[in-house]
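K.L.:
sequence unavailable; structure follows:
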């Protein structure tokens, strides 16, 4: 049981880390936090920014973080170039390091020195940041007493335990406790988790040889050898810190949308709400770049007016369903207006006539079938029309908007209701399966239950 004394001790420790973070950020004149907000941690609502006085209204600046204090492809390249003169990207890297100190003092001269400009550029943002943070946060402490510039930021990263509800981690870390729970995930959640698992495994394959070379350079002082596998759990922790905390910013050196992100201290404490259009949004000032980075990152107020003391300041993560939120951030919302059910496998198994399948594929109506509260997607209705009507010309007219779904009744209505009731039975069965998993982590299991309960609400709106 977590006692109040434990909580108070944890709070004191966290407050110390927060104070060090704010002192570190105050090293820049561009760091700003509104005097109307305060960063707090409550057992009920969690860590976040809260209104403490006055008002926060539209376009009010809540917090501004300078570019030099963000972690992204550009700032990492800049800091690495301080130890490797070969990383000379125009307009990004620092002045030439002091060559006389190479290999004689800071071990990073030697460790970053093995990387060529071409090798660094080939790495994705995820791969480069994972490598960099592993060295600066974990490896550096093994071979010297030098602290990373980023240590105050690293110290307030969410713990591995705080990220445990992300489904991909259940698979990647061989979490026996939640292994069965992973198999109980809805189709959309499981598919999403499996995509993340594949990306993580690929990234580890890419960066592992570099970590291996770094491990060979480390003198722990006690004769113990370290291997890349010793840092695999750290890699997973860091990967999902990045994935759950990154914010969009354009990275000129990279042309892949997945590379366009930055980690922003302080801003990553803001939590999400489904009414994303009402709450705070990010703003990048590209003209204020500092000595490195891509511009100051600010959070500004939305149309919602904060005026109640203790009201939590919320950030728009986007219009995301619970399936998405669970996989990317590790949480779900009790009610979420962006929820939908991906019923593609259910519909595709229902349509077993190859002529109907070929017709839908030829017209680009095969797959991607969804339902949401009060709404059956048009793609699904077209698939049902093709299932119940052998006259494909008539279905084509429906596709083009010349006919309504009522033109295919009563067969269409009968099939739709049958389909929804079959889904209802499946979801009820899955809820029972999740409730029966006594070994699963209670919080993780409850998140999965909330997703299924959201599905049930959608079905009730349609049946």
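P.N.:
Looks like it arrived, so ask away. Being a predicted model, the structure only gives us computed values, none of them experimental.

K.L.:
and the strands in the stretch 151-300 of the chain?
P.N.:
247-248, 261-262, 271-272, 281-285, 296-300 (DSSP state E, counting those that start in this stretch).

K.L.:
of those strands, which stretch is the most buried?
P.N.:
Most buried of the strands of the stretch 151-300 of the chain by mean neighbour count (mean count of other Cβ atoms under 10 Å) is strand 261-262; its value is a mean of 26. (Glycine included, C-beta is placed from N, CA and C.)

K.L.:
which neighbouring elements make contact with that one?
P.N.:
When contacts are defined as 3 or more Cβ pairs under 8 Å, 6 or more residues apart in numbering; DSSP states H and E, strand 261-262 sits against strand 247-248.

K.L.:
quick one: mean pLDDT over the helix or strand residue 140 falls within.
P.N.:
Assigned by DSSP states H and E, residue 140 belongs to helix 140-143. Averaged over helix 140-143, pLDDT sits at 86.

K.L.:
check stretch 12-28 too.
P.N.:
Stretch 12-28 shows a mean pLDDT of 89.

K.L.:
got the contact list for that stretch?
P.N.:
Here stretch 12-28 makes contact (Cβ atoms under 8 Å, 6 or more residues apart in numbering) with 31, 33, 39, 41, 47, 65-66, 68-69, 152-153, 155-156, 265-266, 290.

K.L.:
re the thing from before, would you turn the strands of the stretch 151-300 of the chain into CSV with distance to residue 422 and mean pLDDT?
P.N.:
As requested, the strands of the stretch 151-300 of the chain are exported to CSV (distance: least, Cβ to Cβ, whole Å; pLDDT from 0 to 100):
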stretch, distance to residue 422, mean pLDDT
strand 247-248, 39, 92
strand 261-262, 40, 95
strand 271-272, 33, 86
strand 281-285, 41, 89
strand 296-300, 45, 93
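
K.L.:
now those in TSV, with distance to residue 88?
P.N.:
TSV is the format used below for the strands of the stretch 151-300 of the chain (distance: least, Cβ to Cβ, whole Å):
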stretch	distance to residue 88
strand 247-248	28
strand 261-262	22
strand 271-272	40
strand 281-285	26
strand 296-300	25
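
K.L.:
now the nearest residue to residue 78 once chain neighbours are set aside: phi and psi?
P.N.:
Closest residue to residue 78 apart from its sequence neighbours, by Cβ to Cβ, 6 or more residues apart in numbering: residue 292 at 3.8 Å. Per-residue torsions, residue 292: phi -150, psi 170 (degrees, to the nearest 10).

K.L.:
what is the neighbour count of residue 292?
P.N.:
Residues near residue 292, counting by other Cβ atoms under 10 Å, number 22.

K.L.:
show me the shaky parts of this protein.
P.N.:
1-10, 43-45, 93-104, 220-223, 276-277 (pLDDT under 70).

K.L.:
could you pull out the strands for the stretch 1-150 of the chain?
P.N.:
32-33, 37-42, 46-51, 61-65.

K.L.:
and these: which comes nearest residue 189?
P.N.:
Comparing these against residue 189 with Cβ to Cβ, the closest turns out to be strand 46-51 (21.9 Å).

K.L.:
from residue 113, how far out is the nearest residue to residue 41 once chain neighbours are set aside?
P.N.:
Ranked by Cβ to Cβ, 6+ apart and with sequence neighbours excluded, the top spatial neighbour of residue 41 is residue 47, at 4.3 Å. In this structure, residue 47 and residue 113 are 38 Å apart, going by Cβ to Cβ, to the nearest Å.

K.L.:
need the phi and psi values for the residue nearest to residue 192 when sequence neighbours are not counted.
P.N.:
Nearest non-adjacent residue to residue 192, counting by Cβ to Cβ, 6+ apart: residue 327, 4.3 Å away. With angles defined as degrees, to the nearest 10, residue 327 sits at phi -70, psi -30.

K.L.:
and residue 327, how many neighbours?
P.N.:
Residue 327: 25 neighbours (other Cβ under 10 Å).

K.L.:
these two touch, right, it and residue 196?
P.N.:
Yes: using Cβ atoms under 8 Å, residue 327 is in contact with residue 196, at 6.4 Å.

K.L.:
which residues are in contact with both of those two?
P.N.:
residue 168.

K.L.:
can you tell me which of the contacts of stretch 12-28 has the most neighbours?
P.N.:
For the contacts of stretch 12-28, neighbours tallied by other Cβ under 10 Å; top is residue 69, 27 neighbours.

K.L.:
hey, where'd the helices end up in the stretch 1-150 of the chain?
P.N.:
In the stretch 1-150 of the chain, the helices defined using DSSP state H, counting those that start in this stretch lie at 4-25, 73-81, 108-112, 117-122, 125-133, 140-143.

K.L.:
of those helices, which is nearest residue 226?
P.N.:
helix 140-143 (6.7 Å).

K.L.:
how about the closest one: buried residues?
P.N.:
By 16 or more other Cβ atoms under 10 Å, the buried positions in helix 140-143 come out as 140, 142-143.

K.L.:
now do that helix: everything it contacts.
P.N.:
With contact meaning Cβ under 8 Å, 6+ apart, helix 140-143 is reached by 107-108, 146-148, 217-221, 226.

K.L.:
of the contacts of stretch 12-28, closest to residue 342?
P.N.:
residue 47 (31.7 Å).

K.L.:
that closest one contacts residue 40, doesn't it?
P.N.:
Yes: here residue 47 reaches residue 40: they are 7.5 Å apart, a contact under Cβ under 8 Å.
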